[in-house]
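Chemist: Let me see the structure of the following:
(one chain, ligands or ions: 2)
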Amino acid sequence: MLNVSELTVDIQGSRILRGISLEVRAGELVCLLGRNGAGKTTTFRSLMGYLRPVSGRISWEDKDLARLSTWQIAQLGIGFSPEESEVYADLTVEENIELPTWTRTCGRPAAERISEAYRIFPKLERYRKRGGAELSGGERKMVSIARALALDAELLLLDEPFEGLSPAIIPLVAEGVAAIRQSGKAIVMAESNLHHVPDYIDKLVVIERGEIIYTGSLSGALGDVEVMKIIAGAVDAEPQT
Ligand SMILES: Nc1ncnc2c1ncn2[C@@H]1O[C@H](COP(=O)(O)OP(=O)(O)O)[C@@H](O)[C@H]1O
Ligand SMILES: [Mg+2]
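Modeler: Ligands and ions are numbered 1, 2, ... in the order given. Okay, here's the model as predicted:
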């Protein structure tokens, strides 16, 4: 479905991604784990066309994404929930979620897409008329993921969906992620904290200083001393924030 091969990306003259490769198959839940600054957000921003790679390929069902603009990539059915959620403060919850049904008119009927988003995050249905500025961090995160879902995406990129959320709200977001995966959509989830990685992921990809240092099962990573040094570092890095 998505194939990233030897992707190299510079930001302001600094090499940030150093030839990363990863593959996502239909319906898979892939976790991209790495410490703060490892290059997870840069990977997502490159996939979404916000950054142009120096070299490498990003292909989506045989289309070369690296040549397309962000709106064209979204039109293909790749939904992005950024790290900072980026919910429109002057729109209501309902309007935020409806937006992609106006911009991407192919796919299933708008009403079906919106009701699916509310099925995944029932709390949002009660908050439909609430303004984007009147939401907690966890609610904004849910709106951001629900909005990506309403794109009728086949692949969702979720950048640190649990970052900065209160312990009470993490399970609500985690249930949503599990339900999205149950519905057959592929997900790539970026995480900096090993404790937030769901045990039912299909594949773990560990990134460190812009390089992929491990691709395989979660249990395989837990048994790999070199990888655990990095992952344990990811856990240790948590209190910094
Ligand atoms: N706009 C930018 N300008 C300069 N450096 C950047 C910029 N964005 C990211 N970086 C650098 O790229 C590296 C990777 O960042 P990022 O992809 O945000 O990491 P992660 O999401 O894994 O925490 C970091 O060293 C960061 O400082
Ligand atoms: Mg990040």
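
Chemist: Could you grab the helix/strand/coil label for residue 41?
Modeler: Judged by DSSP: H, G, I helix; E, B strand; the rest coil, the three-state class of residue 41 is helix.

Chemist: my bad, should have said residue 9
Modeler: Here residue 9 is recorded as strand under three-state DSSP.

Chemist: need the contact list for the closest residue to it other than its chain neighbours.
Modeler: Counting by Cβ to Cβ, 6 or more residues apart in numbering, residue 9 lies nearest to residue 17, which is 4.0 Å off, once chain neighbours are set aside. In short, each C-beta sits where N, CA and C put it, glycine included. Contact analysis of residue 17 by Cβ atoms under 8 Å, 6 or more residues apart in numbering lists 7, 8, 9, 39, 42, 43, 46, 53, 210.

Chemist: Also residue 161?
Modeler: Contacts for residue 161 (Cβ under 8 Å, 6+ apart) come out as 81, 141, 145, 173, 177, 189.

Chemist: And the spatially most central residue of the chain, how far from residue 223?
Modeler: Using Cα atoms, centre = their mean, the residue of the chain that lies closest to the mean C-alpha position is residue 158, 1.6 Å off. According to Cβ to Cβ, to the nearest Å, residue 158 stands 26 Å off from residue 223.

Chemist: Quick check: residues of this protein near ligand 1?
Modeler: Residues of the chain that fall close to ligand 1, judged by Cβ under 6 Å from any ligand atom: 11, 12, 16, 34, 36, 37, 38, 39, 40, 41, 42.

Chemist: Can you tell me which of those residues are buried?
Modeler: 16, 34, 38, 39, 40, 41, 42 (16 or more other Cβ atoms under 10 Å).

Chemist: Surely the third one and residue 207 touch.
Modeler: Yes: under the criterion of Cβ atoms under 8 Å, residue 38 is in contact with residue 207, at a separation of 4.6 Å.

Chemist: following the strand or helix carrying residue 190, which helix or strand comes up?
Modeler: Per DSSP states H and E, residue 190 falls inside strand 186-191. The helix or strand immediately downstream of strand 186-191 is strand 203-208, counting by DSSP H and E.
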